[in-house]
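> no FASTA, just this:
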């Protein structure tokens, strides 16, 4: 399974190259991140990360005396993690640092049997920083630790520890492949380990150090190295000292004498090329931004993306200081966007350099546009007469104000040409007509015909509703394109528009009161005659009247009525419920009715229960 995954990673996709490198701006930003934590009041972990980070950048560490005094206070700390940071800082700064009794006991305990790989890492690094020598038994304890916990972080820390121990570390080095195959691929361009930047950096740096110790190559191919470097470079914006240090350490593992050195070919010059700046200049560096040595840089192809036209192949770039350049305008390219494919080869073939072939860069060739054959015409809407026209030359405008009646139309025609006189089309060709007093403006699109002649036409009578009022207006021509070096905004003429009466009516402003909205409710339907409702009421009450009449004729038997509290309460409650229903029909709403009904029902229920119990008792 491992072999299959490594093989698939090696052959899938096209050639990859590093997305960028550590630039001077990146170095300055990382320096600022580290410098902020080089203060005695900061926590010891931040101080440790910052001191090591500044050393990797080759920058001096500020406040060395205060930092040495701060770490000396932790010489007898019982936390092995604090001891690791303090001793590492002292060793980096050259401070005097010796472990106290409690500290020595903590180091011994955390590097013994049953310790985790993290504890062993902190203990062994502390011993190394203070000049101590790790015990040979630590290798056995380390192997036991990664059997209990074989997480990625545990393996990465174990690689670091094994690189510091004496003896045969091949069994632990064999676990490097187990870690590498667990990398997650992102977009086919990056590889990272679960846990982010810190875990990825710890595994890569630990594996590189262990491979150097056992003198074996890493189970890593060039494409994987480029993908790991792309992930590291994607995290250049880290803001914490810990992340910044892991970033630099990870990049360091792919530089210098590393098994693979990804080469970054980056654009130094502007992405735009024109007659005034004809050269495309690129830099060839390693991930740290340093020169990998003399390279032969060639332009494998230059292709216009619009039509796939190839304008150059296999052209060698000339050296320009520490960079390389090619005169792209010397190839007489048409304006547009181009994809440049470059490769950089060392003077002597070296397989350690990866990501240095088929590197794609995007540039655009600009042209300087000019407006030619400009003609402004005022014609009758019905074209009964030829009207009159005026030729205009950029950047001048029509000398006199152009008067346009609402029965006339305006027509503007022009060509866009490059420096050779060739007619071109641009993405943005607009005509703006703006009211002189209110600055209200309307923008129209000028469209080109098959001969690339642009034409704008406005029928003032048909489009009068779009304008605010009669008066003075300006007509401006706006031309632009992504590959134009000189966008144009040209005031062509001042206009005096005479609109029809309907066009002079102003729309109400957004803050002015709107017309009152009147609503006619539906008239109620006619009610039936009163005699109908009276008869219906009597019919509804007839059963009750019949009951009372029968009681009066037959005689009501009240012999079993008991004047007890429960009997009175039940009948009164029952009557109150009927009265409540009547009030609900006449006056109360549903919520009020329910509230009263709950109170009456409780009393009625308790009294009724007691009454029924008494009746049952008498019947026995």
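Sure, I can see it. Keep in mind the model is a prediction, meaning the values are calculated, not measured. Numbers count the residues shown, from 1 in each chain.

> make it CA atoms for all contacts and neighbour counts henceforth
Fine.

> check contacts around the closest residue to residue 144 other than its chain neighbours.
Leaving out its chain neighbours, the residue that sits closest to residue 144 by C-alpha to C-alpha, 6 or more residues apart in numbering is residue 114, at 7.7 Å. Contact analysis of residue 114 by C-alpha atoms under 8 Å, 6 or more residues apart in numbering lists 141, 144-145.

> which of the residues you listed lies closest to residue 554?
residue 145 (102.8 Å; C-alpha to C-alpha).

> mind checking how far residue 511 is from residue 295?
With distances taken as C-alpha to C-alpha, to the nearest Å, residue 511 is found 69 Å from residue 295.

> Compare the two and say which is more crowded by neighbours.
Per other C-alpha atoms under 10 Å, whichever of residue 511 and residue 295 has more neighbours is residue 295, with 17 against 6.

> for the stretch 351-500 of the chain, what spans make up the strands?
Here the stretch 351-500 of the chain has its strands, by DSSP state E, counting those that start in this stretch, at 353-354, 359-365, 370-380, 388-392, 402-405, 408-417, 423-424, 428-435, 441-445, 447-448, 454-459, 471-480, 488-498.

> any idea which of those is most buried?
Here the criterion is mean neighbour count by mean count of other C-alpha atoms under 10 Å, and of the strands of the stretch 351-500 of the chain the winner is strand 353-354, at a mean of 22.

> buried ones in stretch 247-260?
Within stretch 247-260, the residues scored as buried using 16 or more other C-alpha atoms under 10 Å are 247-255, 258-260.

> List of residues touching it?
Residues from elsewhere that reach stretch 247-260 (C-alpha under 8 Å, 6+ apart): 53, 56, 197-198, 200-202, 204-205, 208, 217-218, 222, 225, 229, 232-233, 235-236, 261-262, 286-288, 351-354.

> Produce a PyMOL select command limited to the buried residues of those residues.
Here is the PyMOL selection string for the buried members of those, based on 16+ other C-alpha under 10 Å:
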select buried, resi 53+197+198+200+201+202+204+205+208+218+222+225+229+232+233+236+261+262+286+287+288+353+354
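
> Restricted to strands, list the contacts of stretch 247-260.
Counting by DSSP state E, those place 261-262, 353-354 in strands.

> Turn those into a markdown table, including pLDDT and distance to residue 434.
Below are the ones in strands among the contacts of stretch 247-260 laid out as a markdown table (pLDDT from 0 to 100; distance: C-alpha to C-alpha, whole Å):
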| residue | pLDDT | distance to residue 434 |
| --- | --- | --- |
| 261 | 92 | 60 |
| 262 | 93 | 57 |
| 353 | 92 | 60 |
| 354 | 92 | 58 |
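
> Among those, which one sits closest to residue 552?
Nearest to residue 552 among the ones in strands among the contacts of stretch 247-260: residue 262, at 113.9 Å, using C-alpha to C-alpha.

> Not counting its neighbours along the chain, what's nearest that closest one?
Distances taken as C-alpha to C-alpha, 6+ apart put residue 354 closest to residue 262, at 4.7 Å, once the chain neighbours are dropped.

> residues contacting the one you found?
Contacts for residue 354 (C-alpha under 8 Å, 6+ apart) come out as 17, 222-223, 225-226, 260-263.

> Sort those by pLDDT and name the bottom one.
Lowest in pLDDT among those is residue 17, which has 85.

> Pretty sure it sits against residue 263.
Yes: with contact defined as C-alpha atoms under 8 Å, residue 17 reaches residue 263; the gap is 7.2 Å.

> between these two, what contacts are shared?
354-356.

> In a markdown table: the residues you listed, plus distance to residue 585.
Compiled in a markdown table, the shared contacts of residue 17 and residue 263 are given as follows (distance: C-alpha to C-alpha, whole Å):
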| residue | distance to residue 585 |
| --- | --- |
| 354 | 90 |
| 355 | 88 |
| 356 | 91 |
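
> Fine, thanks again, bye for now.
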